[in-house]
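Novice: predicted model follows, preceded by the sequence.
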Amino acid sequence: MQINDKFLTVVTGVVLAIGGATASLFLGEDDAHITDPNAIVIASTAQPTLPNVLAAIEPAKREERGDFKLDLNAFGTLAVAPELAKPADFTDLVMTRTPSAIDTPELPKVAASLPDMPLNIADLIKIKPVEAASCALDIRATPIFGARVTLRLNAPCHPNVSVTIKHGGLQFKERLDKQGTLELKVPAFAEYSRFDIELADGLTSTVGAYISGLSSLERVGIAWSGADDTFLHALENGAKAGDTGHIWRVKPNSFAKARMSGGGYMMVLGDPTLENAKLAQVYTLPQRPRKRAQIVELQIETLRGEYACGTDIDLKVAHHRVNSGAAQSELSLTLPACGSEDTSLVLKNAIKDMKVARK
(Lines give C-alpha, C1' and ligand atoms only; values in the text may rest on other atoms or scores of the structure.)
Protein backbone atom coordinates (compact mmCIF):
# COMPACT_ATOMS: atom_id res chain seq x y z
CA MET A 1 0.00 0.00 0.00
CA GLN A 2 1.29 3.38 -0.86
CA ILE A 3 1.37 6.05 1.84
CA ASN A 4 0.97 9.59 0.81
CA ASP A 5 3.89 11.85 1.91
CA LYS A 6 1.53 14.54 3.07
CA PHE A 7 -0.48 12.09 5.11
CA LEU A 8 2.70 10.77 6.74
CA THR A 9 3.72 14.31 7.59
CA VAL A 10 0.36 14.97 9.20
CA VAL A 11 0.43 11.74 11.16
CA THR A 12 3.95 12.43 12.40
CA GLY A 13 2.97 15.88 13.59
CA VAL A 14 -0.08 14.50 15.31
CA VAL A 15 2.02 11.93 17.12
CA LEU A 16 4.47 14.57 18.29
CA ALA A 17 1.63 16.83 19.39
CA ILE A 18 -0.04 14.04 21.33
CA GLY A 19 3.29 13.20 22.99
CA GLY A 20 3.56 16.80 24.19
CA ALA A 21 0.02 16.78 25.52
CA THR A 22 0.67 13.55 27.40
CA ALA A 23 3.77 15.02 29.04
CA SER A 24 1.69 18.01 30.10
CA LEU A 25 -0.83 15.75 31.80
CA PHE A 26 1.88 13.89 33.75
CA LEU A 27 4.00 16.88 34.70
CA GLY A 28 1.36 19.48 35.37
CA GLU A 29 0.99 23.03 34.07
CA ASP A 30 4.11 24.40 35.82
CA ASP A 31 6.40 21.78 34.30
CA ALA A 32 4.71 21.25 30.92
CA HIS A 33 6.84 23.90 29.21
CA ILE A 34 10.06 22.13 30.15
CA THR A 35 11.25 20.04 27.27
CA ASP A 36 13.98 17.53 27.87
CA PRO A 37 16.26 17.44 24.85
CA ASN A 38 17.15 13.84 25.71
CA ALA A 39 13.56 12.66 26.05
CA ILE A 40 12.50 9.83 23.73
CA VAL A 41 8.91 9.79 22.41
CA ILE A 42 7.61 6.34 21.53
CA ALA A 43 4.63 6.11 19.24
CA SER A 44 2.32 3.14 18.78
CA THR A 45 1.80 1.61 15.36
CA ALA A 46 -1.94 1.90 15.86
CA GLN A 47 -3.43 4.62 13.71
CA PRO A 48 -5.20 7.33 15.66
CA THR A 49 -8.73 8.31 14.85
CA LEU A 50 -9.42 11.65 13.29
CA PRO A 51 -11.05 13.22 16.39
CA ASN A 52 -8.06 12.32 18.44
CA VAL A 53 -5.80 13.84 15.84
CA LEU A 54 -7.82 17.01 15.78
CA ALA A 55 -7.79 17.16 19.62
CA ALA A 56 -4.05 16.91 19.63
CA ILE A 57 -3.78 19.58 16.97
CA GLU A 58 -6.04 21.97 18.95
CA PRO A 59 -4.82 21.91 22.59
CA ALA A 60 -7.08 24.86 23.50
CA LYS A 61 -10.12 22.56 23.33
CA ARG A 62 -8.75 19.79 25.56
CA GLU A 63 -11.20 20.42 28.36
CA GLU A 64 -14.13 19.72 26.02
CA ARG A 65 -13.04 16.15 25.22
CA GLY A 66 -15.12 14.01 27.42
CA ASP A 67 -14.59 10.81 25.44
CA PHE A 68 -10.79 10.93 25.44
CA LYS A 69 -9.08 7.95 27.00
CA LEU A 70 -5.40 7.86 27.78
CA ASP A 71 -3.61 4.71 26.71
CA LEU A 72 -0.56 4.37 28.86
CA ASN A 73 0.69 1.55 26.73
CA ALA A 74 0.62 3.76 23.66
CA PHE A 75 2.70 6.64 25.04
CA GLY A 76 5.52 7.01 27.57
CA THR A 77 8.55 9.07 28.35
CA LEU A 78 11.83 7.57 29.39
CA ALA A 79 14.28 9.76 31.38
CA VAL A 80 17.80 9.40 30.20
CA ALA A 81 20.20 8.56 33.07
CA PRO A 82 22.88 11.26 33.61
CA GLU A 83 26.33 10.42 32.47
CA LEU A 84 28.61 9.56 35.41
CA ALA A 85 31.69 11.68 35.90
CA LYS A 86 34.87 10.00 34.93
CA PRO A 87 37.49 9.62 37.68
CA ALA A 88 40.09 12.32 37.60
CA ASP A 89 43.48 11.47 36.28
CA PHE A 90 46.17 12.29 38.91
CA THR A 91 49.07 10.59 37.15
CA ASP A 92 50.69 13.87 36.23
CA LEU A 93 50.71 15.31 39.82
CA VAL A 94 53.95 15.63 41.79
CA MET A 95 53.77 14.78 45.55
CA THR A 96 55.38 17.24 47.99
CA ARG A 97 55.90 17.35 51.81
CA THR A 98 53.30 18.81 54.14
CA PRO A 99 53.89 22.36 55.53
CA SER A 100 54.66 20.96 58.99
CA ALA A 101 57.66 19.22 57.59
CA ILE A 102 59.01 22.28 55.84
CA ASP A 103 62.32 23.43 57.32
CA THR A 104 62.19 26.75 59.24
CA PRO A 105 65.19 29.05 59.64
CA GLU A 106 66.93 28.78 63.02
CA LEU A 107 66.35 31.80 65.26
CA PRO A 108 69.39 33.58 66.70
CA LYS A 109 70.15 32.75 70.35
CA VAL A 110 70.08 36.19 71.92
CA ALA A 111 70.22 35.06 75.56
CA ALA A 112 73.46 33.18 74.97
CA SER A 113 75.21 36.35 73.90
CA LEU A 114 74.22 38.36 77.03
CA PRO A 115 76.73 38.67 79.87
CA ASP A 116 75.96 37.05 83.21
CA MET A 117 74.41 39.50 85.66
CA PRO A 118 72.57 39.17 89.02
CA LEU A 119 68.77 39.56 88.91
CA ASN A 120 67.36 42.09 91.41
CA ILE A 121 63.57 41.81 91.55
CA ALA A 122 63.24 45.07 93.53
CA ASP A 123 65.01 46.95 90.71
CA LEU A 124 62.76 45.42 88.08
CA ILE A 125 59.41 46.22 89.70
CA LYS A 126 60.55 49.39 91.45
CA ILE A 127 59.30 48.45 94.93
CA LYS A 128 60.84 50.42 97.74
CA PRO A 129 62.06 48.06 100.50
CA VAL A 130 60.06 48.31 103.72
CA GLU A 131 62.15 49.59 106.57
CA ALA A 132 62.33 47.48 109.69
CA ALA A 133 60.19 48.63 112.62
CA SER A 134 62.04 50.75 115.14
CA CYS A 135 62.82 49.04 118.43
CA ALA A 136 63.33 52.31 120.30
CA LEU A 137 61.35 52.83 123.50
CA ASP A 138 58.85 55.65 123.00
CA ILE A 139 57.46 57.24 126.20
CA ARG A 140 55.08 60.17 126.44
CA ALA A 141 53.72 61.90 129.56
CA THR A 142 50.62 64.05 128.99
CA PRO A 143 49.35 66.19 131.92
CA ILE A 144 45.61 65.85 132.67
CA PHE A 145 43.17 67.24 135.28
CA GLY A 146 43.84 66.53 138.94
CA ALA A 147 47.63 67.00 138.74
CA ARG A 148 47.96 63.64 137.00
CA VAL A 149 49.77 62.34 133.94
CA THR A 150 48.69 59.94 131.21
CA LEU A 151 51.78 57.82 130.67
CA ARG A 152 52.07 56.04 127.31
CA LEU A 153 54.78 53.51 126.58
CA ASN A 154 55.46 51.96 123.18
CA ALA A 155 58.14 49.27 122.85
CA PRO A 156 57.19 47.10 119.82
CA CYS A 157 60.23 44.86 120.20
CA HIS A 158 59.44 44.09 123.86
CA PRO A 159 55.99 42.46 123.98
CA ASN A 160 54.72 41.17 127.35
CA VAL A 161 57.80 42.51 129.13
CA SER A 162 57.43 43.90 132.66
CA VAL A 163 58.37 47.54 133.23
CA THR A 164 59.24 49.39 136.44
CA ILE A 165 58.11 53.02 136.71
CA LYS A 166 59.74 55.35 139.24
CA HIS A 167 58.41 58.75 140.22
CA GLY A 168 58.49 60.98 143.29
CA GLY A 169 60.26 58.38 145.45
CA LEU A 170 57.69 55.66 144.61
CA GLN A 171 58.06 52.77 142.21
CA PHE A 172 55.69 50.15 140.83
CA LYS A 173 55.79 47.45 138.18
CA GLU A 174 53.42 46.92 135.23
CA ARG A 175 53.46 44.70 132.15
CA LEU A 176 53.43 45.69 128.47
CA ASP A 177 50.80 44.04 126.30
CA LYS A 178 51.50 41.73 123.34
CA GLN A 179 52.09 44.76 121.10
CA GLY A 180 54.60 46.18 123.58
CA THR A 181 52.37 49.08 124.68
CA LEU A 182 51.09 50.40 128.00
CA GLU A 183 48.87 53.34 128.98
CA LEU A 184 47.96 54.37 132.51
CA LYS A 185 47.26 57.40 134.69
CA VAL A 186 49.83 58.32 137.33
CA PRO A 187 49.48 60.96 140.09
CA ALA A 188 52.30 63.53 140.07
CA PHE A 189 54.17 64.83 143.12
CA ALA A 190 56.07 67.77 141.67
CA GLU A 191 55.45 70.54 139.18
CA TYR A 192 58.43 69.39 137.14
CA SER A 193 57.84 65.66 137.28
CA ARG A 194 60.27 63.04 136.07
CA PHE A 195 59.33 59.45 135.22
CA ASP A 196 62.09 56.85 134.96
CA ILE A 197 61.27 53.72 132.93
CA GLU A 198 63.17 50.43 133.13
CA LEU A 199 62.21 47.30 131.21
CA ALA A 200 62.96 43.86 132.63
CA ASP A 201 65.35 43.14 129.71
CA GLY A 202 67.51 46.17 130.64
CA LEU A 203 66.18 48.95 128.37
CA THR A 204 65.80 52.27 130.21
CA SER A 205 64.44 55.73 129.41
CA THR A 206 63.19 58.92 131.08
CA VAL A 207 60.38 61.36 130.34
CA GLY A 208 59.31 64.59 132.07
CA ALA A 209 56.22 66.78 132.24
CA TYR A 210 55.16 70.07 133.75
CA ILE A 211 52.24 69.63 136.16
CA SER A 212 49.83 72.36 137.22
CA GLY A 213 47.25 72.22 140.00
CA LEU A 214 49.43 70.74 142.73
CA SER A 215 49.00 73.84 144.89
CA SER A 216 45.30 73.05 145.38
CA LEU A 217 45.62 69.52 146.78
CA GLU A 218 47.35 67.30 149.31
CA ARG A 219 48.70 63.92 148.24
CA VAL A 220 50.42 60.99 149.96
CA GLY A 221 51.51 57.57 148.73
CA ILE A 222 53.28 54.40 149.82
CA ALA A 223 55.14 51.74 147.84
CA TRP A 224 56.58 48.33 148.68
CA SER A 225 57.79 45.07 147.16
CA GLY A 226 56.05 41.73 147.54
CA ALA A 227 52.48 40.56 147.83
CA ASP A 228 49.33 42.64 147.76
CA ASP A 229 49.03 42.57 151.55
CA THR A 230 49.62 46.18 152.57
CA PHE A 231 47.09 49.04 152.53
CA LEU A 232 46.88 52.77 152.96
CA HIS A 233 43.70 53.88 154.77
CA ALA A 234 42.27 57.43 154.72
CA LEU A 235 39.55 58.15 157.30
CA GLU A 236 37.94 61.46 156.36
CA ASN A 237 36.46 63.79 158.99
CA GLY A 238 36.22 61.29 161.81
CA ALA A 239 34.95 58.34 159.72
CA LYS A 240 35.38 54.82 161.10
CA ALA A 241 36.39 51.72 159.21
CA GLY A 242 33.64 50.83 156.76
CA ASP A 243 31.96 54.25 156.84
CA THR A 244 31.35 56.39 153.79
CA GLY A 245 34.44 58.49 154.50
CA HIS A 246 36.72 55.44 154.68
CA ILE A 247 38.81 55.45 151.48
CA TRP A 248 41.15 52.55 150.71
CA ARG A 249 41.92 49.89 148.08
CA VAL A 250 38.57 48.12 148.45
CA LYS A 251 36.62 51.41 148.19
CA PRO A 252 38.95 53.80 146.37
CA ASN A 253 36.40 56.39 145.16
CA SER A 254 37.39 58.21 141.94
CA PHE A 255 38.61 61.58 140.71
CA ALA A 256 35.23 62.39 139.14
CA LYS A 257 33.23 61.50 142.29
CA ALA A 258 35.63 63.40 144.49
CA ARG A 259 35.12 66.53 142.41
CA MET A 260 31.34 66.21 142.60
CA SER A 261 30.79 65.19 146.23
CA GLY A 262 33.99 66.27 147.92
CA GLY A 263 36.48 64.15 149.79
CA GLY A 264 39.46 62.35 148.33
CA TYR A 265 40.23 59.32 146.17
CA MET A 266 42.73 56.47 146.05
CA MET A 267 44.79 55.28 143.05
CA VAL A 268 46.23 51.72 143.06
CA LEU A 269 49.33 51.15 140.93
CA GLY A 270 51.25 48.00 139.98
CA ASP A 271 50.38 44.44 138.92
CA PRO A 272 50.34 42.04 141.91
CA THR A 273 50.44 38.97 139.61
CA LEU A 274 53.96 39.71 138.39
CA GLU A 275 57.00 37.98 139.82
CA ASN A 276 58.76 40.19 142.40
CA ALA A 277 55.83 42.58 142.25
CA LYS A 278 56.23 46.26 143.13
CA LEU A 279 53.03 48.00 144.23
CA ALA A 280 51.93 51.49 145.25
CA GLN A 281 48.84 53.29 146.54
CA VAL A 282 48.31 57.09 146.44
CA TYR A 283 45.61 59.09 148.24
CA THR A 284 44.69 62.63 147.05
CA LEU A 285 42.58 65.23 148.86
CA PRO A 286 41.64 68.26 146.74
CA GLN A 287 41.04 71.58 148.52
CA ARG A 288 37.55 73.05 148.19
CA PRO A 289 37.01 76.80 148.32
CA ARG A 290 34.30 77.86 150.76
CA LYS A 291 34.11 74.38 152.21
CA ARG A 292 34.41 73.37 155.83
CA ALA A 293 37.77 72.28 157.22
CA GLN A 294 38.79 68.69 156.57
CA ILE A 295 40.85 66.36 158.69
CA VAL A 296 42.01 63.03 157.30
CA GLU A 297 43.55 60.34 159.50
CA LEU A 298 46.08 58.22 157.62
CA GLN A 299 46.85 54.62 158.61
CA ILE A 300 49.06 51.87 157.25
CA GLU A 301 48.02 48.23 157.57
CA THR A 302 49.88 45.08 156.60
CA LEU A 303 48.84 41.42 156.74
CA ARG A 304 52.30 40.09 156.07
CA GLY A 305 52.69 38.94 159.67
CA GLU A 306 50.47 35.93 158.83
CA TYR A 307 53.33 34.30 156.86
CA ALA A 308 56.37 36.54 157.55
CA CYS A 309 56.07 37.09 161.26
CA GLY A 310 58.99 38.62 163.17
CA THR A 311 60.50 40.27 160.06
CA ASP A 312 60.64 43.86 158.84
CA ILE A 313 58.83 45.40 155.90
CA ASP A 314 60.29 48.43 154.12
CA LEU A 315 58.01 51.09 152.69
CA LYS A 316 58.71 54.16 150.61
CA VAL A 317 56.57 57.20 151.32
CA ALA A 318 55.96 60.22 149.07
CA HIS A 319 53.79 63.19 149.80
CA HIS A 320 52.93 66.65 148.63
CA ARG A 321 51.71 69.25 151.11
CA VAL A 322 50.10 72.54 150.21
CA ASN A 323 52.47 74.51 152.41
CA SER A 324 55.67 72.45 152.16
CA GLY A 325 55.65 70.97 148.65
CA ALA A 326 56.95 67.52 147.71
CA ALA A 327 58.92 65.21 150.03
CA GLN A 328 59.80 61.52 150.28
CA SER A 329 60.96 59.17 153.01
CA GLU A 330 61.41 55.52 153.93
CA LEU A 331 59.60 53.59 156.61
CA SER A 332 60.52 50.26 158.18
CA LEU A 333 57.87 48.25 160.00
CA THR A 334 58.57 45.36 162.35
CA LEU A 335 55.95 42.64 162.03
CA PRO A 336 54.50 40.90 165.11
CA ALA A 337 56.45 37.99 166.56
CA CYS A 338 55.58 34.52 165.41
CA GLY A 339 52.96 32.79 167.61
CA SER A 340 51.32 36.01 168.70
CA GLU A 341 47.57 36.41 168.49
CA ASP A 342 47.69 39.50 166.30
CA THR A 343 49.25 38.73 162.94
CA SER A 344 48.30 42.02 161.27
CA LEU A 345 49.91 45.34 161.99
CA VAL A 346 48.15 48.73 161.91
CA LEU A 347 50.16 51.92 162.30
CA LYS A 348 48.12 55.02 163.01
CA ASN A 349 50.91 57.54 163.34
CA ALA A 350 53.33 56.38 160.67
CA ILE A 351 52.20 59.18 158.35
CA LYS A 352 51.19 62.62 159.47
CA ASP A 353 47.48 63.30 159.20
CA MET A 354 46.16 65.73 156.64
CA LYS A 355 44.59 68.91 157.94
CA VAL A 356 43.03 71.29 155.44
CA ALA A 357 41.73 74.56 156.98
CA ARG A 358 38.59 76.28 155.71
CA LYS A 359 39.22 79.36 153.51
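Specialist: Nice, I can see it.
Novice: going by C-alpha atoms from here, please, whenever you check contacts or count neighbours.
Specialist: Fine.
Novice: quick one: residues contacting residue 186.
Specialist: 148-151 (C-alpha atoms under 8 Å, 6 or more residues apart in numbering).
Novice: count of neighbours near residue 146?
Specialist: Neighbourhood size, residue 146 [other C-alpha atoms under 10 Å]: 19.
Novice: now it: which helix or strand?
Specialist: If you go by DSSP states H and E, residue 146 is not part of any helix or strand.
Novice: what are the phi and psi angles of it?
Specialist: Per-residue torsions, residue 146: phi 80, psi 20 (degrees, to the nearest 10).
Novice: cool, residue 257 as well?
Specialist: As for residue 257, its main-chain torsions (degrees, to the nearest 10) stand at phi -70, psi -40.
Novice: and what of residue 255?
Specialist: With angles defined as degrees, to the nearest 10, residue 255 sits at phi -60, psi -40.
Novice: any idea how far residue 171 is from it?
Specialist: Separation of residue 255 from residue 171 (C-alpha to C-alpha, to the nearest Å) stands at 21 Å.
Novice: and for residue 246?
Specialist: Taking C-alpha to C-alpha, one finds residue 246 at 25 Å from residue 171.
Novice: got it, and residue 152?
Specialist: Counting by C-alpha to C-alpha, the gap from residue 152 to residue 171 is 16 Å.
Novice: of those two, who's got more company?
Specialist: Between residue 152 and residue 171, counted using other C-alpha under 10 Å, the more crowded position is residue 171 (22 against 15).
Novice: ok, the more buried one touching residue 281?
Specialist: No. Assessed by C-alpha atoms under 8 Å, residue 171 is found out of contact with residue 281, at 10.2 Å.
Novice: overlap in contacts, the two.
Specialist: Common neighbours of residue 171 and residue 281 (C-alpha under 8 Å, 6+ apart) are residue 223.
Novice: for stretch 234-252, buried residues please.
Specialist: Residues of stretch 234-252 classed as buried: 234-236, 245-249, 252 (neighbour count, 16 or more other C-alpha atoms under 10 Å).
Novice: out of those, the closest to residue 209 would be?
Specialist: Of all the buried residues of stretch 234-252, residue 209 sits closest to residue 252, with 25.8 Å by C-alpha to C-alpha.
Novice: so who does that closest one touch?
Specialist: 265-267 are the contacts of residue 252 under C-alpha under 8 Å, 6+ apart.
Novice: any stretches of the stretch 101-250 of the chain with poor pLDDT?
Specialist: 101-133 (pLDDT under 70).
Novice: can you show me the strands along it?
Specialist: Ranges of strands within the stretch 101-250 of the chain are 138-144, 148-154, 162-167, 170-175, 181-187, 192-199, 204-210, 217-225, 230-236, 246-247, based on DSSP state E, counting those that start in this stretch.
Novice: other residues contacting the second one?
Specialist: Going back to what we said before, that points to strand 148-154. Here strand 148-154 has contacts from 137-144, 180-188, 211, using C-alpha under 8 Å, 6+ apart.
Novice: restricted to buried residues, select those in ChimeraX.
Specialist: Remark: buried members of the contacts of strand 148-154, expressed as a ChimeraX selection using 16+ other C-alpha under 10 Å:
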select :137,139,140,141,143,180,181,182,185,186,187,188,211
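Novice: okay, the contacts of residue 252 in CSV with pLDDT, secondary structure and neighbour count next?
Specialist: Below are the contacts of residue 252 laid out as CSV (pLDDT from 0 to 100; DSSP: H, G, I helix; E, B strand; the rest coil; neighbours: other C-alpha atoms under 10 Å):
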residue, pLDDT, secondary structure, neighbour count
265, 97, strand, 25
266, 97, strand, 25
267, 97, strand, 19
